[in-house]
Every structure is written in C-alpha cells, then in structure tokens.
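> Using only what follows, build the 3D model:
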Amino acid sequence: MRMSLAQRVLLTWLFTLLFLIMLVLKLDEKAPWNWFLIFIPVWIFDTILLVMLIVKMAGRCKSGFDPRNGSQNMKKKVWYLVAMLLKVAFCLALCAKLQRFTTMKLAYVFIPLWALLLGALLELGYNIFYVRRD
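As a prediction, this is how the structure comes out:
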C-alpha cells in the first residue's frame with residue numbers, strides 16, 4: 001500500500017477541490033445540504049490517512065521486528081495519529097455547531113484545533129532545537 005508522491009499530491013488536490021466546490025455551493029445557498037455532507041471529502045481523505053497510518057503502525061507487530069530500531073519513528077507515528085484524531089474531533093465539533101445540533105460555544109469547538117496547533121508548534125520546536133545533529 002505504497003503511493004508515489006505524485007499520487008499523494010493528486011489525491012490531496014482532488015479531495016480539497018471537491019470539498020471547496022461543495023463548500024462554495026453551500027455558502028451560496030445553491031445546495032441545501034447538511035454540513036456533514038459538505039465535509040464528506042474531508043472524512044474520506046482522513047479515513048484513508050488513518051488507515052495507512054494504522055497499517056504502518058501495525059507493521060511493528062510482525063515477528064522479527066527489532067523495537068530498538070524504530071522507537072523515534074514510532075513516537076512520530078503516534079503523534080501523527082493523535083494529530084489526525086484532533087483534526088477529526090475539530091471537524092465533527094464544527095459540523096455539529098454549524099448544523100445547530102449543539103449550543104456549544106465556538107471557543108469550545110476550536111479546542112481540538114488549538115491543541116493540534118500547540119502540538120505542532122512543540123514538535124517543530126523540538127525538531128529545531130533538541131534533535132541531535134551529527
């Protein structure tokens with residue numbers, strides 16, 4: 001299940017284009033769709049990424065795998081998994097708020113996004129300042 005860079009870029013571009021087209025139709029009131037339907041390209045793309053990430057992480061469970069070789073790599077994959085789950089949580093909360101399923105304050109809707117951005121900032125700082133360079 002390996003994709004080339006061109007395939008990943010094309011897939012990302014395609015799902016982004018579909019999402020933006022559906023979003024524009026909804027905002028122009030041309031399509032009376034549910035907000036959860038507008039986010040279908042995002043859900044599909046996130047599902048593909050999560051499945052690929054889980055498959056890569058499950059590869060560590062094979063017999064004969066030396067856990068000392070990839071501990072840093074595994075930490076990075078766990079961070080990617082947490083980041084994807086925070087993104088999905090934000091999208092679900094945003095859709096629920098826009099569809100008026102909940103009366104949650106907008107500040108609470110953005111908590112997963114803020115946690116994701118804070119984590120990304122911490123990872124960036126760690127990679128810049130604390131990674132050993134030989």
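> How about the backbone phi and psi for Asp28?
phi -80, psi 0 (degrees, to the nearest 10).
> Let me see the confidence value for it.
We have a pLDDT of 94 for Asp28.
> what does Tyr108 give?
According to the prediction, Tyr108 has pLDDT 95.
> what number of residues lie near it?
By the criterion of other C-beta atoms under 10 Å, Tyr108 has 11 neighbours. In this view, the C-beta of every residue, glycine as well, is placed from N, C-alpha and C.
> right, and Lys87 touches Leu116 too?
Yes: the pair Lys87 / Leu116 is scored as a contact, 6.2 Å apart, by C-beta atoms under 8 Å.
> which residues are common contacts for these two?
Counting by C-beta atoms under 8 Å, 6 or more residues apart in numbering, Lys87 and Leu116 have no shared contacts at all.
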